[in-house]
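Participant: Provided below for reference: sequence and predicted model.
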Number of protein chains: 2
Amino acid sequence: MRIKPHTEVPSSEVTMEGAAGCRVRWLIGEADQAPTFAMREFEVEPGGHTPKHFHNYEHEVFVLAGKGMILDGDEERPLAAGDVVFVAPDDVHQFRNTGSEPMRFLCLIPNSAASKNVTVVPECGIEKA
Amino acid sequence: MRIKPHTEVPSSEVTMEGAAGCRVRWLIGEADQAPTFAMREFEVEPGGHTPKHFHNYEHEVFVLAGKGMILDGDEERPLAAGDVVFVAPDDVHQFRNTGSEPMRFLCLIPNSAASKNVTVVPECGIEKA
């Protein structure tokens, strides 16, 4: 069993094309020999966003703090702390912080994601990182 | 894509032998056709606890609110909001709320757990539910 405060896990900048103001902590993953899925925490600064992208594996998301929106294909849907999001395989999605505080959310993925491709979708109407 | 406030998901009492004052919400699971793993939220009232038990699949846990402890085999280890716990397969474990507010945590399991056994461990020094 491993127990740690989430803040003890180092965070690193998300450098994928299309990301801006976005950091990630791998809370549970390969280093823990987690057999099936990985737990990550994202922190997006006000005005920041993840890439608009899709992939053939799922996300299971819980919003811990802040407010923003998620792009569901081309539809903007609001998000706030306490919201749960199931992003099905191949759903086009993007998280954006539209609030004034950091937006933090857990985003879990299956281990099989490591061998799969991510496709970034070109964007209109959002500033380049 | 499915988005919902966690409070919209109905909660039900945990009736497994050894549980007391413990409710669960299945936030993401079979109903969402989640392909690999399920997200549950547990709420344990002050003085309540999950069963002391083990199984041959993992838990990935994030403590959302409250304070308490987790039994790691026979060792009591403190838990507080923001803590991350990886319970490896076959680890004996039990969550207990030792605070004065509800303790809430996410606990994710692989879909394969549905076909696996859980073994409840007899307890000393804790009141029966």
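Facilitator: Okay, I see it.

Participant: contacts, neighbours, all on C-alpha from now
Facilitator: Will do.

Participant: can you give me the mean pLDDT across the lengthiest strand in chain A?
Facilitator: In chain A, taking DSSP state E as the definition, the longest strand is strand A:37-49. Averaged over strand A:37-49, pLDDT sits at 98.

Participant: So that strand, near chain B or not?
Facilitator: Yes: Strand A:37-49 is in contact with chain B by C-alpha under 8 Å from any C-alpha of the partner chain, via A:37, A:39.

Participant: could I have that strand exported to CSV, CA atoms only?
Facilitator: Provided in CSV are the C-alpha atoms of strand A:37-49 (Å, rounded to 0.1, in the frame of the first residue of the first chain):
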residue,chain,number,x,y,z
PHE,A,37,-5.2,2.1,-15.0
ALA,A,38,-3.4,5.3,-14.0
MET,A,39,-4.6,8.3,-12.0
ARG,A,40,-3.4,11.8,-13.1
GLU,A,41,-4.2,15.2,-11.7
PHE,A,42,-4.3,18.2,-14.0
GLU,A,43,-4.0,21.8,-13.0
VAL,A,44,-5.0,24.4,-15.6
GLU,A,45,-4.4,28.1,-14.9
PRO,A,46,-7.0,30.7,-15.7
GLY,A,47,-7.2,31.0,-19.5
GLY,A,48,-5.3,27.7,-20.0
HIS,A,49,-6.5,24.6,-21.7
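
Participant: helix or strand right after that strand?
Facilitator: strand A:53-55 (DSSP states H and E).

Participant: Briefly note if that following strand comes near chain B.
Facilitator: No: judged by C-alpha under 8 Å from any C-alpha, strand A:53-55 makes no contact with chain B; its nearest approach is 11.9 Å.

Participant: Against which helices or strands is that strand packed?
Facilitator: strand A:93-97, strand A:118-120 (3 or more C-alpha pairs under 8 Å, 6 or more residues apart in numbering or on different chains; DSSP states H and E).

Participant: nearest residue to residue A:44 other than its sequence neighbours?
Facilitator: Distance criterion C-alpha to C-alpha, 6 or more residues apart in numbering or on different chains; nearest residue to residue A:44, sequence neighbours excluded, is residue A:22 at 4.5 Å.

Participant: what do you get for residue A:36?
Facilitator: Residue A:36 sits nearest to residue A:111 (C-alpha to C-alpha, 6+ apart), 5.5 Å away.

Participant: again with residue A:24
Facilitator: Here the residue nearest residue A:24, using C-alpha to C-alpha, 6+ apart, is residue A:42, at 4.5 Å.

Participant: got it, and residue A:84?
Facilitator: residue A:62 (4.7 Å).

Participant: Relative to residue B:4, how far out is that neighbour?
Facilitator: Using C-alpha to C-alpha, to the nearest Å, residue A:62 is found at 10 Å from residue B:4.

Participant: before we move on, what about residue A:70?
Facilitator: Distance from residue A:70 to residue B:4, by C-alpha to C-alpha: 12 Å.

Participant: okay, the two: which has more neighbours?
Facilitator: When residue A:70 is set against residue B:4 and neighbours are counted by other C-alpha atoms under 10 Å in any protein chain shown, the residue ahead is residue A:70, at 22 against 16.

Participant: Surely residue A:82 touches residue B:6?
Facilitator: Yes: using C-alpha atoms under 8 Å, residue A:82 is in contact with residue B:6, at 5.7 Å.

Participant: more neighbours, the two?
Facilitator: residue B:6 (21 against 18).

Participant: What residues of the lowest-mean-pLDDT helix or strand in chain A count as buried?
Facilitator: Counting by mean pLDDT, DSSP states H and E, chain A has its least confident helix or strand at strand A:118-120, which shows a mean of 91. Residues of strand A:118-120 classed as buried by neighbour count (16 or more other C-alpha atoms under 10 Å in any protein chain shown): residue A:120.
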